[in-house]
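What shape does this take:
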Amino acid sequence: MSTAILPDAEITPAALAPYIQHTLIDVGVTRDRMVAHAEETLRYGFDAAMVPGSWVAEVAEVLRGTDAGVASALDFPTVGVTTSAGKAAEAESLVRAGATQIDIGVQIGWLKSGRYDDFRDDIAGVVRAAGVPIKVMLELPLLTPAEREAAVELSIEAGAAYLKNASSGTVEIANPDSVAYLVARAPQGVRVKASGGIKSFAQAVSLLRAGAVLLGTSAGVAIVTDEVNEHTTSY
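Numbering: from 1, shown residues only. Okay, the predicted model is just below:
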């Protein structure tokens with residue numbers, strides 16, 4: 001398994017930037033705001049800009065020639081509603097537009113119906129079509145213990161590069177227990193991304209200490225500038 005390597009010395013908020021996927025997925029976001037989001041990714045040294053598929057091309061243009069990744073999500077924010085063929089086609093389209101990594105929803109209903117092969121093949125189809133690292137949003141709180149084990153095993157068989165605890169804070173507030181659960185089951189080469197309501201420095205550090213290598217949050221700027229307050233939100 002792979003885990004984050006945090007320095008032993010005291011960690012500063014700014015030092016968390018390389019672990020953060022700077023997320024902006026919302027209704028009505030303008031081009032100016034999206035370009036500014038990409039520019040923030042560079043200014044603060046975030047791992048990647050996570051944006052809706054409809055804005056991938058514009059963000060990729062801003063980040064072209066830099067080390068920052070262009071991340072997007074499909075079958076999101078409501079997961080498990082897109083056909084397997086639709087997911088694969090959209091993944092291929094996102095990569096053509098400039099996405100370097102993709103987060104995907106998984107078919108929880110199929111898993112709960114015992115359709116294990118379909119659950120695995122749905123993910124595998126996206127892996128093959130995209131050709132970039134795929135992160136699976138497993139929605140752990142919605143699963144029984146046995147379903148969790150099956151979801152992790154099938155995702156790994158399908159070729160997922162990252163396991164995620166949840167798609168957003170409406171499903172689960174990211175916590176060290178969920179991260180540690182996934183880290184313990186991830187083989188070498190498969191890593192863990194934490195996601196869901198990450199909005200404080202202490203929470204971010206606890207998730208990295210638990211073994212996450214990436215943090216998905218819309219509060220990245222507030223976290224790395226140490227400006228988190230009672231009004232800070234994150235999805």
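
hey, let's count contacts and neighbours off CA atoms from now on
Fine.

And Thr30, how close does it get to Met137?
Applying C-alpha to C-alpha, to the nearest Å, the value for Thr30 to Met137 is 26 Å.

Compare these two (neighbour count), which wins?
Met137 (26 against 10; other C-alpha atoms under 10 Å).

ok, now which ones touch the more buried one?
Contact analysis of Met137 by C-alpha atoms under 8 Å, 6 or more residues apart in numbering lists 103-106, 163-167.

Please tell me I have it right and Trp110 contacts Asp118.
Yes - assessed by C-alpha atoms under 8 Å, Trp110 is found in contact with Asp118 at 7.1 Å.

on that earlier part again, where strands are concerned, which of the contacts of Met137 count?
Members of the contacts of Met137 lying in strands (criterion: DSSP state E): 103-105, 163-164.

Next, give me the two most distant ones among those.
Greatest spatial distance among the ones in strands among the contacts of Met137 (C-alpha to C-alpha): Gly105 and Leu163, at 11.2 Å.

shared neighbours of these two, which are they?
Listed contacts common to Gly105 and Leu163 are 136-138; contacts here mean C-alpha under 8 Å, 6+ apart.

By neighbours, which of the contacts of Met137 wins?
Within the contacts of Met137, most neighbours by other C-alpha under 10 Å means Ser167, with 30 neighbours.

Distance check, the residue nearest to that residue when sequence neighbours are not counted against Ile223.
Among residues not flanking Ser167 along the chain, Met137 sits closest, at 5.2 Å (C-alpha to C-alpha, 6 or more residues apart in numbering). Distance of Met137 to Ile223, given as C-alpha to C-alpha: 23 Å.

swap in Leu74?
Taken as C-alpha to C-alpha, the span from Leu74 to Ile223 is 26 Å.

Between these two, tell me which one has more neighbours.
For Leu74 versus Ile223, the count of surrounding residues by other C-alpha under 10 Å is larger for Ile223: 25 against 22.

just checking, that one touches Pro13?
Yes - here Ile223 reaches Pro13: they are 6.2 Å apart, a contact under C-alpha under 8 Å.

Pull up the overlap in contacts between these two.
Counting by C-alpha under 8 Å, 6+ apart, the shared contacts of Ile223 and Pro13 are Phe201.

can you give me the helices in the protein?
Per DSSP state H, the chain carries helices over the ranges 31-44, 56-63, 84-97, 108-112, 116-130, 145-158, 176-185, 201-209, 220-224.

Can you say which of those helices is nearest to Thr78?
Closest approach to Thr78 among the helices of the chain (C-alpha to C-alpha): helix 108-112, 11.3 Å.

Thanks a lot, catch you later.
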